[in-house]
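K.L.:
sequence? don't have it. structure:
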């Protein structure tokens with residue numbers, strides 16, 4: 001419970017006790033009115049609001065100027081969520097004597113706000129703030145309410161989307177549903193259902209189930225339970241999937257091997273089945289509560305929620321980086337995102353620079369609002385921006401899943417009009433809150449001879465920065481993989497599998513590239529006479545010194561030779577036809593020799609290596625274009 005809520009509860013109690021305490025100095029001279037009022041007081045203390053309301057109505061029938069009865073009736077209406085009746089009673093009391101209970105002006109502000117009567121709320125809060133001698137706590141709450149009223153009025157006048165769609169009842173039920181994942185084709189959905197049983201919120205046992213549904217034509221099919229081994233009887237939740245849907249991150253609470261009340265676990269999808277979850281490191285899990293992890297598309301950064309020491313408020317968003325296979329100690333994302341309240345449900349988009357989350361510590365539409373923050377070139381995060389109306393409602397909008405292409409999103413909300421508790425809604429994202437543009441590489445890895453699909457490791461490197469931008473696996477069942485690329489970049493792609501030459505290629509992504517690239521990659525088995533072209537070994541024009549951006553490729557070759565100690569290779573150098581025959585022959589030999597010398601420096605035995613230069617003798621395509629010449633300038637390794 002945050003500081004604001006504590007003050008509000010204290011204020012409410014003080015208000016109610018103040019009304020009762022003043023009953024010894026009542027303003028009414030009607031004995032019957034006072035009699036009914038005292039009966040109402042007794043019912044009020046017993047929290048029998050229905051009887052208290054009846055008694056107060058009778059009291060005011062005897063004396064319609066009985067101001068204490070007006071105020072107490074307004075309070076009782078408010079306790080029963082009869083907001084409009086409460087407003088009427090308070091308005092009459094304040095009009096009769098505005099200085100009798102000045103705090104009632106503040107309560108009118110809250111009630112107007114609840115009923116979306118923003119101008120009246122702004123006026124009420126403004127009037128309360130003008131009262132001399134108002135307590136600092138009440139003044140703070142009035143200022144908070146004023147800011148909310150101003151924000152909500154402006155937000156509703158300037159909606160960011162035209163319509164929000166409620167998913168049909170095959171997904172949304174009388175229980176509570178939370179969105180977890182939608183694939184790139186938007187025909188596979190994963191969500192959590194929180195089942196309270198027949199007693200609903202009164203139930204002492206709550207179960208959370210992970211569910212999946214596929215879409216046929218335009219209709220979602222009946223959901224099925226996601227089978228996660230060894231967790232069926234355990235307390236679990238707070239689940240997210242990696243952007244390719246192959247790695248699950250979930251929260252396990254009270255598990256035997258846990259470090260705190262709830263820890264983050266991970267499970268891998270292998271050949272269509274989820275594996276038994278394993279706990280993440282102590283760099284992420286602590287003796288406190290951790291949940292709601294979201295992994296970056298390249299798997300190198302994880303964002304999660306924790307109430308550990310060192311935070312800004314209740315629960316904060318933290319982040320850890322994977323370096324050389326190990327997670328670093330988590331760091332707090334700072335006060336541009338975290339507040340004195342609670343921040344929940346972080347989601348890092350596949351662009352790696354757009355973070356969505358929910359918070360109850362900012363001025364917004366409801367109890368929890370959804371916000372977005374963007375990563376600056378300095379590594380800092382911008383101040384969280386409210387996603388606006390009607391994405392955020394006057395209730396709680398707790399988590400969001402934007403589509404991989406950034407055009408659409410799904411949220412979990414307990415707004416009015418749902419089937420029960422939290423339901424899942426969808427909408428199109430406005431340009432102002434979309435993530436950055438990305439390119440999705442949809443690949444399939446197959447055997448070059450048999451066309452059999454292969455499970456393999458795909459590593460993509462940004463050639464400008466020499467940083468690995470993603471590491472992923474192709475699926476053993478269908479050979480498919482997904483990777484994220486960005487416009488105006490050039491990438492080296494390496495695909496490896498035991499017993500095969502690694503695939504080597506480049507991807508030059510232009511600014512007008514389609515948002516989806518589909519490509520089949522063929523791996524060549526290692527056997528005598530087999531050869532593979534290394535496309536990512538670079539030299540300057542007419543030079544044979546190896547350029548720095550060649551290192552990832554050469555290191556892959558070192559790894560291949562180290563893992564296959566009986567493998568002997570011939571290194572072939574090839575050029576285009578730009579120079580003379582003798583010049584090209586000599587240049588190709590020197591380049592092939594440079595590669596061999598690099599391998600020897602990496603402890604590959606010289607007797608396993610040989611080299612040859614072919615100049616322009618063996619082109620693989622026409623030399624009439626620059627693209628053709630580029631393909632002909634290559635290094636080839638051949639098994640001896």
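P.N.:
Here it is on my side, so go on. Because the structure is predicted, anything quoted here is derived from the model rather than measured.
K.L.:
residues contacting the nearest residue to residue 85 once chain neighbours are set aside?
P.N.:
The shortest distance from residue 85 to any non-neighbouring residue, by CB to CB, 6 or more residues apart in numbering, is to residue 77 (4.2 Å). (C-beta placed from N, C-alpha, C; glycine too.) Going by CB atoms under 8 Å, 6 or more residues apart in numbering, residue 77 touches 53, 83, 85-86, 89.
K.L.:
give me that answer again for 7 Å
P.N.:
85-86, 89 (CB atoms under 7 Å, 6 or more residues apart in numbering).
K.L.:
reformat these as JSON lines; add pLDDT, neighbour count and distance to residue 432.
P.N.:
Below are the contacts of residue 77 laid out as JSON lines (pLDDT from 0 to 100; neighbours: other CB atoms under 10 Å; distance: CB to CB, whole Å):
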{"residue": "85", "pLDDT": "96", "neighbour count": "17", "distance to residue 432": "40"}
{"residue": "86", "pLDDT": "96", "neighbour count": "24", "distance to residue 432": "37"}
{"residue": "89", "pLDDT": "96", "neighbour count": "24", "distance to residue 432": "42"}
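K.L.:
element containing the residue nearest to residue 85?
P.N.:
The secondary structure element spanning residue 77 is helix 67-79 (assigned by DSSP states H and E).
K.L.:
show the subsequent helix or strand relative to that helix.
P.N.:
Once the chain leaves helix 67-79, the next helix or strand it forms, by DSSP H and E, is helix 83-96.
K.L.:
which parts of that following helix are buried?
P.N.:
Residues 83, 85-87, 89-94 are the ones in helix 83-96 that count as buried (16 or more other CB atoms under 10 Å).
K.L.:
how many residues are close by residue 289?
P.N.:
Using other CB atoms under 10 Å, the number of residues around residue 289 comes to 18.
K.L.:
ok now do it, which residues does it touch?
P.N.:
260-262, 306-307.
K.L.:
now those in TSV, with secondary structure and neighbour count?
P.N.:
Shown next, in TSV, are those (DSSP: H, G, I helix; E, B strand; the rest coil; neighbours: other CB atoms under 10 Å):
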residue	secondary structure	neighbour count
260	coil	17
261	coil	16
262	strand	26
306	strand	25
307	coil	18
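K.L.:
quick one: residues contacting residue 156.
P.N.:
Contacts for residue 156 (CB under 7 Å, 6+ apart) come out as residue 389.
K.L.:
three-state assignment of it?
P.N.:
helix (DSSP: H, G, I helix; E, B strand; the rest coil).
K.L.:
report pLDDT for it.
P.N.:
Looking at residue 156, its pLDDT stands at 96.
K.L.:
measure it to residue 232 for me?
P.N.:
The gap separating residue 156 from residue 232 is 45 Å, by CB to CB, to the nearest Å.
K.L.:
isn't residue 34 right up against residue 25?
P.N.:
No: the pair residue 34 and residue 25 does not pass the contact test of CB atoms under 7 Å, sitting 11.4 Å apart.
K.L.:
between these two, which one's more packed in?
P.N.:
Using other CB under 10 Å as the criterion, residue 34 and residue 25 rank with residue 34 on top: 20 against 7.
K.L.:
the helix or strand that contains that one - what's its average pLDDT?
P.N.:
For residue 34, the element it lies in under DSSP H and E is helix 31-45. Mean per-residue pLDDT for helix 31-45: 95.
K.L.:
list the contacts for residue 311?
P.N.:
Residues in contact with residue 311, defined by CB under 7 Å, 6+ apart, are 332, 338.
K.L.:
packing partners for the helix holding residue 34?
P.N.:
Applying 3 or more CB pairs under 7 Å, 6 or more residues apart in numbering; DSSP states H and E, one finds that helix 31-45 contacts helix 49-62, helix 67-79.
K.L.:
out of these, which gets nearest to residue 615?
P.N.:
Closest of those to residue 615 is helix 67-79, at 89.9 Å (criterion: CB to CB).
K.L.:
average model confidence for that closest one?
P.N.:
94.
K.L.:
centroid residue for this structure?
P.N.:
Within the chain, one residue has its C-alpha closest to the average C-alpha position: by CA atoms, centre = their mean, that is residue 347, at 0.9 Å.
K.L.:
thanks a lot, catch you later.
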